[in-house]
Structure formats: C-alpha cells, structure tokens
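Chemist: requesting a structural model of the entry that follows:
(2 chains)
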Protein chains: 2
Amino acid sequence: MTNQRHVWRLRARPEGTIKDSDLDYMAEPMPAMGDGQALVEVNYLSLDPTNRIWMSDMDQYMPPVELGDMMRGVIAGTVTRSNNPDLPIGTMVSGLGGFASHVVVDPGMVNAVRQVPGIPFADLFGSLGSTAVTAYFGLLDICDPKPGETLVVSGAAGAVGSIVGQIGKIKGCHVVGIAGGADKCRWVVDELGFDACIDYKSEDVGARLDALCPNGIDMNFENVGGDIMDAVMMRMNNHGRMSLCGMISTYNDTTPRGGPAAWPAILMHRLKVQGFIITDYAPRFGEAIAALAGWWMGGQIKTKVDLRHGLENAIITLRDLYSGGNFGKLLLEVKAPDGQA
Amino acid sequence: MTNQRHVWRLRARPEGTIKDSDLDYMAEPMPAMGDGQALVEVNYLSLDPTNRIWMSDMDQYMPPVELGDMMRGVIAGTVTRSNNPDLPIGTMVSGLGGFASHVVVDPGMVNAVRQVPGIPFADLFGSLGSTAVTAYFGLLDICDPKPGETLVVSGAAGAVGSIVGQIGKIKGCHVVGIAGGADKCRWVVDELGFDACIDYKSEDVGARLDALCPNGIDMNFENVGGDIMDAVMMRMNNHGRMSLCGMISTYNDTTPRGGPAAWPAILMHRLKVQGFIITDYAPRFGEAIAALAGWWMGGQIKTKVDLRHGLENAIITLRDLYSGGNFGKLLLEVKAPDGQA
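Modeler: Numbering: from 1, shown residues only, chains lettered A, B, ... in the order given. Model prediction:
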C-alpha cells in the first residue's frame, strides 16, 4: 500500500468565485494515526454548497477551515488501517473527512455505512444519506405540510430540493419548484412529479409564482436566497412557514447583502422562518432513513447522482455547484470501492 | 344627549413622521346605527405603534384605513344607544373603534369589559388588556423561555416590552432591556426588576450587549427593528428564538429598508424568527388574562400608564410614540367614564 496521499489544502479564503489558486493540490506522506484512530481510503467525496462557507471566515455553524489545513468534506470510504477495534479494516464508513485520497478519522467522525440491497452505493451515500435526511427534517419538522397547502422549493433540481418536492407530493401538497434551465424544470415536473417548475433563468419568477400559486404560498423550502427568496417570501400566506436550508446564490458574494426586503412580511403575515443544520437531527436519523428508503423502494422518491471522477478535479467540479452546472447530487468518485469499479 | 361627534379622519397617507395635515379633526352628525349595532361613547383611546401602519398602504395584516375614513383605533367606552340586546345601554366595552368621541359598533368588534376590583380601569384597559396579552403569548408561545436563559427585550420601557421582561424574570431568565434614556432604564431595572437595561440613546448597544450577555442571547423579543434588532440578532446563540412583535423604528421610513444584515445568522445559528399578531390568539385570551391578573395582584408585574387628555390632542400625542416621548402605555382619556372623572 502507498505511503503517500493526495490532498487539497486551503491556501487563501476565496473572494467571490473559488479560484484555482485558493487551494493547493499536493502529494504528501500518509498522515500518522494516533490511538483509537483509523485510516480511511476515500471512495466518494460529496461536493456541497456548504463547502464554500467552510472556506470563508464568515460567522458559521462550524469552525472555518484554517489556512493551510486540508479542505473539509463529507466522504465515504473504506478503512485500510486501524488502531480501533470498532473500525476494523474493510469497514465502509461515511462522515466528516476531507478533500483527500486518504483521511485519518476518529470514531466519532464517521459511521459505518450499512449497504442496502437494491440501492447502488452512490445513491445511498449521495442522495439517500444526509442529503435526503436534510430534505426530510427541513420540510416535515419545520414546515409541517398539510394536504392541499402550497409549497415552493428553490433549487428544485438540486440534491436536497428535488427530494423536498417529492416528499411534499407524498404529503398531498401543491408543489412548485424553481430551477435553472428548461432541462432541469422538465425533469422536476415529468420525472419527479412536481406540479410545476419555474425556470429562473428565462422566466419572471414573481409573475410565474402569481400564476402557479393562485392560493398564495404556505411553505417555502429555501436553498437559494437572494432575489428568488425575496420573490417567494413576499407572496407567503398568513402563518406561512419558511425552512431556511441554504442560500447558495449568496455564498460567492464579496460584499454582504442585507436581509430580504420582504422581512416585514414576517410580522404582517405571521411567518415562521427557521434555519437548521442537519447534524442537529442526528439522534433522529434512523426515523428519516427508514421512511426515505421505503419511499425510494416504492418508487415515490427518485434521485439523480451527477457522478464525476478524479480527486484532482475536485475544485473545478465544486465550482459547478455555484453556477448550476451540476444536474443532480454532485459526487466525486475518488476511487471506486472494491468490487464496484 | 348630543347629536354630534368629533372624529379624526385620514386625509393623506403620511410620508415619514405624521403631519398635522395628514388627518382632519372635525365635528359631524352622529352616525346612524343599523340593526344589531350600538353607539359607544369613547372613554379611552389606546395609542399604539400599529396606528402608523394602518395609516399607510404598505402590505399589512388588516386593510389599511381608507382616505377619508375615520382613523382606526382600539377604544374602551360605554354603550349609550343600542339596537342590540347583547349590548345594553351602560355596558362598558373595548375593542376596535376609532379616533372619535363616539363610534358605532357591531357586536363582534367589541367585548364587554369585566371590571376587576382593585385594578383601576386605565390599567386594566391600557396595560393589562391586549397589551399584556401580547407580551404573554409573544414571549411564552414563541420563545418558550427556560430558567437561566438570556432574554433581550427592545422597547423595554414600552407598554409591551415592560411586561415581557417581567414575565421573563418570573420564568427565571436573565433579562436585559433596551430603552431610550436614563430615566426609562432606571425604571426598568429598579422598579420592574430587569437585570440590566441599555440606553440606546447614549450607549453602544453592541458593546453593552457583549458585556451584559456573557452567555450570548437565547431569546429576543423585538419591538423596535432596524439597527438595534440587528445588533441583537447577530449575537444570538444556536437555537435562539426571536419573537417579532413590532418594528416601531421603521414605521416612519420613507424608503423601505432591507431586512437585517444579520439574516444569515438564522441559518448559521438555527434561529427561529416568528411574527405574530395578537388577534390570532383571541381564543386563548382567558388563559393569559388569568395569569396576568394573578401576577399583577401579587406584585410580580407592574404597569405604568402615560395618561393624556383630550381627543383633539390625539395626533400630537400619537407622535410621541415614535420619538419615544411617552413613558408607559400611552392612553388618551377622551371622556372619563361616569363615576371615574
């Protein structure tokens, strides 16, 4: 086995779009394991909107990645060396790791991945893991959807948004998505069963919301932020609920923008706006995964993985997220797991 | 009995501060009662931050007052003529009425006032009525305070804020108020028992919050909006709750300001921000009034009425609200009730 690893280290905090020079890709000696730790060979790296937050030093929900440190990322991989009997060699795990070919993990950072017969590993990790759990709790816990209510989902063709809308349909809601481009909108409606989808790149979002939500908007699952969020927020009904999951349109801002102009609607229409981070729900993941796996097996939830290849392509691939260049959950295959190459 | 009334009618929608010329004060023939209606002689007119909203045509929670119409206001008064056996002459009522000496009411618009022995009527109507109920539900229902948590209340010497902080103390919280001027701050701490109060007119609100809230802020009861709200919001702890009751600092704005710069904190710190309008809680008023009356009788809640006189002074008095010129619940005595002159 090699005694080198490849790794992306953060060199500078990006200003605006992530530049190639903001990170270094390098080969370096394999890191040493301490007591109780294990070495994981990374099979898949999840590329997520939140990666851009971790690169910045804005006020955030975890410590930012320090300059010079390995870029943080959610990974799935295989234990190849171990100082911990709870993580025997060969165990497949997922959890917090890094943009690297190999990472040293503490037991608390990862969980063993239980393979589910009939579900490909990339779907299981990419779409049905924390991504789907995010959709599940963010919609059900915060918005509490009722049959007949109208739900608007931004980032509707994205990893989380696509599942949010499908759960909304399972719950009997009128579901309108917002996505970028005709292909994505067609997929959201024709394949996923949303009632409608607005193409923000070619349509007037406000006017289309008026047309497609004749009874107003009861719930907003927000992935995008910025002007799209404002257009939705100002059309919300009394006692509307807004689940704030992400604001990807703002992560590359070089000057902070203010809050939404529609802010007074929170008072006037008695809205509830609530943010969440999926790790807060860890004790309840089992409940979500059981429901999601059942829906997936029953064909009520479909997922799409946009699988890319090669750790060296991590940053150019990641950039696609912020320009909408991905279609489905963006996942990087660093090294196919044994038997699945 | 007179066949004339005095009334304030809205002539123009104010731009910025309410101008004298925005309303007309006039004598006019007593309005006719229809079937089921009653004529109420107004004893007290409540002057409230929301009056300014009703004068505007911004998106709001009730229809705006139409130009030419009587200015809407919350009143307490005495039935002097009646076409409704449920509202016999002599009944004291309170509810939605207007800036007038007499108003015609439908039974659904007002409730009979039950006098409570030992509580002066002005306190009962001014401080312990819908004002205190607003504090009660806005804090307990939305913020769900727990002993030891830190609560920040803006407008702390105001009608609602003063009661919010006292309920916070009853619930075992560390309570920090924000008010304008040393006299108000002294009253809030020395008389009402808040742990501290920041004078936003002479102190750096952010620096004082840092000093007075060493464990961060778990709850914000927001009456003021604008920069003060932002300073609080950006210091909130994970899972903080923010009850949005009002934003009096913004009601005179001539150009709408954006939402708070601290908006991303909702996501990063998993905040819940919720607006409410007290009428939504009408079915549960009994619960609140019972608790509040008990606390008031037991000396755990103190109230202060800033009583002014004369309907003709309604607008100059109302303006005091937006400049902080009142001290306590602002109430206008239009005509003292019989036996209480």
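Chemist: SS state for the closest residue to A:Ile142 other than its chain neighbours?
Modeler: Among residues not flanking A:Ile142 along the chain, A:Ser243 sits closest, at 4.1 Å (CB to CB, 6 or more residues apart in numbering or on different chains). For glycine as for every other residue, the C-beta is placed from the backbone atoms N, C-alpha and C. Three-state assignment for A:Ser243 (DSSP: H, G, I helix; E, B strand; the rest coil): strand.
Chemist: what is the neighbour count of A:Ser243?
Modeler: 27 (other CB atoms under 10 Å in any protein chain shown).
Chemist: that one touches A:Gly138, doesn't it?
Modeler: Yes. Counting by CB atoms under 8 Å, A:Ser243 touches A:Gly138, with 4.6 Å between them.
Chemist: okay, and the common contacts of those two?
Modeler: A:221, A:276 (CB atoms under 8 Å, 6 or more residues apart in numbering or on different chains).
Chemist: tell me the confidence at the closest residue to chain B within chain A?
Modeler: Distances between chain A and chain B by CB to the nearest CB are smallest at A:Gly259, namely 2.4 Å. According to the prediction, A:Gly259 has pLDDT 93.
Chemist: tell me which helix or strand in chain A has the weakest average pLDDT.
Modeler: Among the helices and strands of chain A, helix A:121-126 carries the lowest confidence by mean pLDDT, DSSP states H and E, at a mean of 81.
Chemist: show me what it is packed against.
Modeler: Contacts defined by 3 or more CB pairs under 8 Å, 6 or more residues apart in numbering or on different chains; DSSP states H and E place helix A:121-126 against strand A:38-46, strand A:305-309, strand A:329-333.
Chemist: neighbours of A:Met229, how many?
Modeler: 25.
Chemist: find the nearest non-adjacent residue to it, please.
Modeler: Closest to A:Met229 by CB to CB, 6+ apart is A:Glu222, at 5.4 Å.
Chemist: what's around A:Met268, how many residues?
Modeler: Around A:Met268 there are 19 residues (other CB under 10 Å).
Chemist: that one reaches B:Pro64, doesn't it?
Modeler: No. Contact criterion CB under 8 Å: A:Met268 and B:Pro64 do not qualify, at 11.4 Å.
Chemist: shared neighbours, the two?
Modeler: B:Met58.
Chemist: pairing partners for the residue of chain A closest to chain B in the sheet, please.
Modeler: For A:Gly259, the beta-bridge partners are B:Gly259 (DSSP bridges).
Chemist: what residues are up against it?
Modeler: By CB under 8 Å, 6+ apart, the neighbours of A:Gly259 are B:258-263.
Chemist: for it, give its distance to A:Glu149.
Modeler: Distance, A:Gly259 to A:Glu149, by CB to CB, to the nearest Å: 25 Å.
Chemist: same deal with A:Asp280?
Modeler: A:Asp280 is 25 Å from A:Glu149, where distance means CB to CB.
Chemist: the two - which one has more neighbours?
Modeler: Between A:Asp280 and A:Glu149, counted using other CB under 10 Å, A:Glu149 has the larger neighbour count: 22 against 14.
Chemist: got a list of what the nearest residue to the more buried one once chain neighbours are set aside touches?
Modeler: In this structure, A:Glu149 finds its nearest non-sequential neighbour in A:Asp218, 4.0 Å apart by CB to CB, 6+ apart. Listed by CB under 8 Å, 6+ apart, the contact partners of A:Asp218 are A:145-146, A:149-151, A:236-237, A:239-241.
Chemist: apply 6 Å and report the result again.
Modeler: Counting by CB atoms under 6 Å, 6 or more residues apart in numbering or on different chains, A:Asp218 makes contact with A:149-150, A:237, A:240.
Chemist: now the single longest strand found in chain A: average pLDDT?
Modeler: Longest strand in chain A, counting residues (DSSP state E): strand A:72-82. Mean per-residue pLDDT for strand A:72-82: 95.
Chemist: for the residue nearest to A:Met229, give me the pLDDT.
Modeler: So, for A:Glu222, pLDDT stands at 98.
Chemist: look at the residue nearest to A:Glu149 and give its secondary structure.
Modeler: Looking at A:Asp218 with three-state DSSP, the answer is strand.
Chemist: got the residues of chain A near chain B?
Modeler: A:59-61, A:244, A:258-261, A:263, A:266-268, A:270-277 (CB under 6 Å from any CB of the partner chain).
Chemist: A:Ile53 sits in which helix or strand?
Modeler: In the assignment (DSSP states H and E), A:Ile53 maps to helix A:50-55.
Chemist: roughly how far apart are the residue nearest to A:Met229 and A:Gly126?
Modeler: Applying CB to CB to A:Glu222 and A:Gly126 gives a distance of 22 Å.
Chemist: same question, A:Gly155
Modeler: 16 Å.
Chemist: check A:Ile18 too.
Modeler: Separation of A:Ile18 from A:Gly126 (CB to CB) stands at 21 Å.
Chemist: pick out whichever of these two has more residues nearby.
Modeler: Taking other CB under 10 Å, A:Ile18 and A:Gly126 do not tie; A:Gly126 has more neighbours (28 against 21).
Chemist: show me the contacts for the more buried one.
Modeler: A:305, A:329, A:331.
Chemist: for A:Gly206, same thing?
Modeler: With contact taken as CB under 6 Å, 6+ apart, A:Gly206 is in contact with A:Ala231.
Chemist: off-centre distance for the helix or strand containing it?
Modeler: Assigned by DSSP H and E, A:Gly206 belongs to helix A:205-212. Centre-to-centre, helix A:205-212 and its host chain are 26 Å apart (CA atoms, centre = their mean, to the nearest Å).
Chemist: pLDDT on it, on average?
Modeler: For helix A:205-212, the mean pLDDT works out to 98.
Chemist: which parts of it are buried?
Modeler: Going by neighbour count (16 or more other CB atoms under 10 Å in any protein chain shown), the buried part of helix A:205-212 is A:205-206, A:208-209, A:212.
Chemist: also stretch A:132-144?
Modeler: Those would be A:132-140, A:142-143, for stretch A:132-144 by 16+ other CB under 10 Å.
Chemist: what would these look like in a markdown table with distance to B:Pro29 and pLDDT?
Modeler: Shown next, in a markdown table, are these (distance: CB to CB, whole Å; pLDDT from 0 to 100):
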| residue | distance to B:Pro29 | pLDDT |
| --- | --- | --- |
| A:Ala132 | 68 | 92 |
| A:Val133 | 68 | 93 |
| A:Thr134 | 64 | 95 |
| A:Ala135 | 63 | 97 |
| A:Tyr136 | 64 | 97 |
| A:Phe137 | 62 | 97 |
| A:Gly138 | 59 | 98 |
| A:Leu139 | 58 | 98 |
| A:Leu140 | 59 | 98 |
| A:Ile142 | 54 | 98 |
| A:Cys143 | 53 | 98 |
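Chemist: may I see those residues organised as CSV, with secondary structure added?
Modeler: Supplementary listing: those in CSV, determined by three-state DSSP:
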residue, secondary structure
A:Ala132, helix
A:Val133, helix
A:Thr134, helix
A:Ala135, helix
A:Tyr136, helix
A:Phe137, helix
A:Gly138, helix
A:Leu139, helix
A:Leu140, helix
A:Ile142, coil
A:Cys143, coil
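Chemist: from A:Met236, how far off is the residue nearest to A:Glu149?
Modeler: From A:Asp218 to A:Met236 the distance is 7 Å (CB to CB).
Chemist: how about A:Ile167?
Modeler: Distance, A:Ile167 to A:Met236, using CB to CB: 19 Å.
Chemist: domain assignment for chain A?
Modeler: Domain ranges of chain A: A:4-127+A:304-333, A:130-280+A:289-295, per automatic domain parsing.
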